[in-house]
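**Student:** this one's structure only:
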């Protein structure tokens, strides 16, 4: 059943009320695909407000959509009420998941991310110039290795004693490596997983989850994606060879090579997301999918990261 607030919100912000529910899902956010009384098909998305960063995310999504990137065009700005941030965007169903963790699939995902980064570079971030937006900070928690807390994780918990020693040790080494990184930051998508995209063959149809924008060094954004791109229903870690292919294709499409420091940053970021997911598996008692990949690949990725 559609929550009672949705009809009123649509009336206030879209000038029409829902007459049919096309889709409903609740995960980190609430998403409703709706047919309005005036015939429009819209998606209404609501989640806990994140200190205003969602407004930046929507404006980046709006810009990219206008530039022809496969992102749903926002139809409203963000309204924040009772701690919930809500907006509407065009309803774009269809397409299929592009499954696979092989090098060819990695290159496909890398090309799309490079296109996003290139387009987003034209957005003015920070400052007081007309049209400038603020950085989407804080970064999503799974990329928040630069948090200012005392421990390894941005949000330590009372079940962290369940985390395998291998995961805790590798996370400390990666955080130490990334703590000494001083590189320019760029806008990028920090949840570059196949679950957040739909394709028609080799052509991207739609990229979702723009709440996951981040303000990080470019090498970290590309690196995180090179490890996470194959994650679908269950987060995992792509094979090292596929991460190599991803990073090579990304640099080729961007028209510049990462220097040695950036290469290490990319490899460090590629492992961090898997460690975050392995930690989650351990504390929640879930099947050790990410942990198995970490056990297999951690030492090689740590060496490539200079950690």
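**Tutor:** On my side now, so go ahead. This structure is a prediction, so every number in the text was calculated from the model and none was measured.

**Student:** quick one: contacts for residue 266?
**Tutor:** 219-220, 222-223, 226, 247, 258 (Cβ atoms under 8 Å, 6 or more residues apart in numbering). C-beta coordinates here come from the backbone N, C-alpha and C atoms, glycine included.

**Student:** Can you select the buried ones among those for me in ChimeraX?
**Tutor:** If you want just the buried ones from the contacts of residue 266 in ChimeraX, going by 16 or more other Cβ atoms under 10 Å, the selection is:
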select :219,220,222,223,226,247,258
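
**Student:** Could you export the contacts of residue 266 as TSV, including secondary structure, pLDDT and distance to residue 125?
**Tutor:** Putting these into TSV (DSSP: H, G, I helix; E, B strand; the rest coil; pLDDT from 0 to 100; distance: Cβ to Cβ, whole Å) gives the following:
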residue	secondary structure	pLDDT	distance to residue 125
219	helix	98	18
220	helix	98	16
222	helix	98	18
223	helix	98	20
226	helix	98	23
247	helix	98	24
258	coil	98	21
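
**Student:** With respect to residue 292, which of the contacts of residue 266 is nearest?
**Tutor:** For the contacts of residue 266, the closest approach to residue 292 (Cβ to Cβ) belongs to residue 226, at 18.7 Å.

**Student:** is it true that that closest one touches residue 106?
**Tutor:** Yes: the pair residue 226 / residue 106 is scored as a contact, 7.0 Å apart, by Cβ atoms under 8 Å.

**Student:** Could you tell me which residues touch both of the two?
**Tutor:** 238, 242-243, 246.

**Student:** Are we agreed that residue 187 is in a strand?
**Tutor:** Yes: judged by DSSP: H, G, I helix; E, B strand; the rest coil, residue 187 forms part of a strand.

**Student:** Wait, it touches residue 123, no?
**Tutor:** Yes: the criterion here is Cβ under 8 Å, and residue 187 meets it with residue 123 at 6.2 Å.

**Student:** The closest residue in space to residue 97 that isn't next to it in sequence and residue 99, how far apart?
**Tutor:** Using Cβ to Cβ, 6 or more residues apart in numbering and skipping residues adjacent in sequence, the residue nearest residue 97 is residue 194, 5.6 Å away. Distance of residue 194 to residue 99, given as Cβ to Cβ, to the nearest Å: 6 Å.
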